[in-house]
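Visitor: Here is my input; please provide its structure:
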Amino acid sequence: MQVENCLFRVHRYFLERDSTFFKEFFQRTLIVGTNLGKTDDTAVKLQDVSRREFECLLHFLYHGASNPQNDSILNLVLLLSTSTALAFPAARTHAISALDRASPPLDPVERVFLAEKYDIPAWVRPAYVALCARAHPLEDAEAEVLGLQTTARLARAREAVLEEKVQEWRRAVERAQNGEGAVSKEDMEVREARLVERVVDEIFASSR
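Guide: Next comes the predicted model:
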């Protein structure tokens, strides 16, 4: 395999076993009857993968999920990128799961960016909820990453959440003043969490 200007000697067995992309690729070369990939001069050239990405993929293929070299956030993102591009589902699943368990956890903006780039829909809603629930608004750099449409929708969602929180607080005060019983801090937190989730679902429903 040739990636950038580097040649890699890789067991074809791993490529065909773990990747639908390579399985179909090698089936086509058999039909055509070429010597592609059998010598250095006929090495298969990968155009859309970087050397670092391919090295992370090879470490996973040959050493598995227990290899500490692939534990860093950067290497996991590189593994996610190349496993998605070259259709290695097991490597992709591992990268997503490991990033999901990362400590410290990924920032919600990072989650949205990676989810949209690498098609991880399960990450999107929780990240939007976290961004709407946090105390401080989006920074300029975060807005640039998220894009105009998502930033505008998050702003609308945060505004709607704030308005409904104020109304909820007023109702709670009125109930307490009327002797109907005070709402506990825990109950308010649960209500606010549900409120944020509902508003996010309403604002972003059209984008799904």
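
Visitor: hey, where'd the strands end up in this protein?
Guide: Counting by DSSP state E, the segments of the chain that form strands are 2-3, 6-7, 45-46.

Visitor: Out of those strands, which is the most enclosed?
Guide: Each of those was assessed for mean neighbour count using mean count of other CB atoms under 10 Å. The highest is strand 2-3, with a mean of 20. Backbone N, C-alpha and C define where each C-beta goes, glycine included.

Visitor: Direction included, what does that one pair up with?
Guide: According to DSSP bridges, the neighbouring strands of strand 2-3, each with its direction, are strand 6-7 (antiparallel), strand 45-46 (parallel).

Visitor: Pipe the strands of the chain into JSON lines and attach distance to residue 27 and mean pLDDT per row.
Guide: Supplementary listing: those in JSON lines, determined by distance: least, CB to CB, whole Å; pLDDT from 0 to 100:
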{"stretch": "strand 2-3", "distance to residue 27": "21", "mean pLDDT": "90"}
{"stretch": "strand 6-7", "distance to residue 27": "23", "mean pLDDT": "92"}
{"stretch": "strand 45-46", "distance to residue 27": "18", "mean pLDDT": "88"}
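
Visitor: got those strands as CSV, with distance to residue 83 columns?
Guide: Conversion of the strands of the chain to CSV gives the following (distance: least, CB to CB, whole Å):
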stretch, distance to residue 83
strand 2-3, 14
strand 6-7, 19
strand 45-46, 13
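
Visitor: Tell me how confident the model is about the longest helix anywhere in the chain, as a mean pLDDT.
Guide: Among all segments of the chain classified by DSSP state H, the helix with the greatest residue count is helix 148-177. Helix 148-177 comes out with an average pLDDT of 86.

Visitor: buried stuff in that helix?
Guide: Neighbour-count burial for helix 148-177, counted by 16 or more other CB atoms under 10 Å, picks out 150-151, 153-154, 157-158, 160-161, 164, 172.
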